[in-house]
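Visitor: return atomic coordinates for the entry below.
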Amino acid sequence: GFADYTGADIKIIEKNDEVIASLPFVIRKNKLGFTLLTQPRLTQHLGPWLKISSEKYALKLGQEKDLIQELFSKLPKHDYYIQNWYFERTNWLPLYWMGYSQTTRYTYRINKLSDFDLIWNGLQTNTRKRIKHCKEDLGIVVRTDLNIDDFIKLNRQVFYRQGMEVPYSDDLVYRIDEAASKNKAKQIFIAEDPKGRRHGALFLIWDSNSAYSIMEGSDPELRGIGANSLIRWEAVKFASGVTKHFDFEGSMIEGVERSYRAFGAIQTPYFSITKTNSKVLRFLQIIRSIVK
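Guide: Residues are numbered from 1 along each chain as shown. Next up is the predicted model:
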């Protein structure tokens, strides 16, 4: 497990007084004292940024190789590196040559928020029925006037229901809420029925390119009603007015993946890049894989 955050840094490459490549990272210490270079919690993607080249393809790949390898050679001493790269960053080959490994993971994205009829028709039939039933038959409304404390109450229940600890602090959620509010780039959606019962919640942030569903929540006693489908639908509709794409920040958990797929979202692969430098940690990882 991860201990407390210990710092953050960024490595850059400049040319003619212009930044042409960068690699931000978070530094953590785990419970065994190993130094980890990773990304902030509730941040799905990080990894390197490279200025887009206008060179021919072969030259562009050569530039990427040089920039990526130079960036990673600048990293401070560490025992383990792990970051999820943005899905558009597909060339990790320069790091393969440096001893890194890659695992393919998946997110789910709606890429044409402007075509609303296409989105609605892309939903699975039972998802559309569930949305209509919650809204028209049960009178459930999705409120956007509630605050972060209301959201946290529902978000915690997702983990409590599974007997898990919440993997991030309330303080982190408050700071994300505050920063996103200052940038006018967040909205909280909470489904409430006529009896005042709150079924579920979704925390949405966005930039000029995409909206991201970074956290959800639900009342375990009301999950079977299906109000989370209505919440996601209202979030997608809202996002169509503020940005171009919608990212569900997909999950490798089968049940969660199924619910995102039901929204007609496109399965989109991205890379999780890792490297273990510590011989002791590498040995522990091997033992752990054998025990599994």
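Visitor: most centrally placed residue in the chain?
Guide: Q44 (2.9 Å; Cα atoms, centre = their mean).
Visitor: helix, strand, or coil at that residue?
Guide: At Q44 the chain is in coil, as set by DSSP: H, G, I helix; E, B strand; the rest coil.
Visitor: excluding chain neighbours, what is closest to it?
Guide: E249 (4.8 Å; Cβ to Cβ, 6 or more residues apart in numbering). Backbone N, C-alpha and C define where each C-beta goes, glycine included.
Visitor: can you show me the CA trace of stretch 99-111 as PDB?
Guide: The C-alpha trace of stretch 99-111 is given here as PDB (Å, rounded to 0.1, in the frame of the first residue of the first chain):
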ATOM      1  CA  GLY A  99      13.800  -2.100 -19.300                       C
ATOM      2  CA  TYR A 100      10.300  -0.800 -18.700                       C
ATOM      3  CA  SER A 101       7.100  -3.000 -19.000                       C
ATOM      4  CA  GLN A 102       3.700  -2.200 -20.300                       C
ATOM      5  CA  THR A 103       0.200  -3.400 -19.400                       C
ATOM      6  CA  THR A 104      -2.800  -2.500 -21.500                       C
ATOM      7  CA  ARG A 105      -5.800  -1.100 -19.600                       C
ATOM      8  CA  TYR A 106      -9.100   0.300 -20.900                       C
ATOM      9  CA  THR A 107     -11.200   3.300 -20.400                       C
ATOM     10  CA  TYR A 108     -14.600   4.000 -22.100                       C
ATOM     11  CA  ARG A 109     -15.200   7.200 -24.000                       C
ATOM     12  CA  ILE A 110     -18.000   9.000 -25.900                       C
ATOM     13  CA  ASN A 111     -16.200  10.700 -28.700                       C
END
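Visitor: contact partners of that stretch?
Guide: Residues from elsewhere that reach stretch 99-111 (Cβ atoms under 8 Å, 6 or more residues apart in numbering): 44, 72, 81, 84, 87, 92, 95-96, 119, 210, 236, 245-250, 252, 257, 260-261, 263-275.
Visitor: over to stretch 267-280?
Guide: 34, 45, 47, 78-87, 89-90, 92, 95, 98-109, 250, 261, 282, 285.
Visitor: swap the cut-off to 7 Å and go again
Guide: For stretch 267-280, contacts defined as Cβ atoms under 7 Å, 6 or more residues apart in numbering pick out 34, 45, 47, 78-87, 92, 95, 99-109, 282, 285.
Visitor: sorry, back to before: need the buried ones from the contacts of stretch 99-111 selected in ChimeraX.
Guide: Remark: buried members of these, expressed as a ChimeraX selection using 16 or more other Cβ atoms under 10 Å:
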select :44,72,81,84,87,92,95,119,210,236,245,246,247,248,249,250,257,260,261,263,264,265,268,270,271,272,273,274,275
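Visitor: residues contacting L67?
Guide: With Cβ under 7 Å, 6+ apart, L67 has these contacts: I13, I20, A21, L50.
Visitor: find the nearest non-adjacent residue to the second one, please.
Guide: What it means is I20. Closest to I20 by Cβ to Cβ, 6+ apart is K51, at 4.4 Å.
Visitor: burial measure for the one you found, as a count.
Guide: Residues contacting K51 under the criterion other Cβ atoms under 10 Å number 14.
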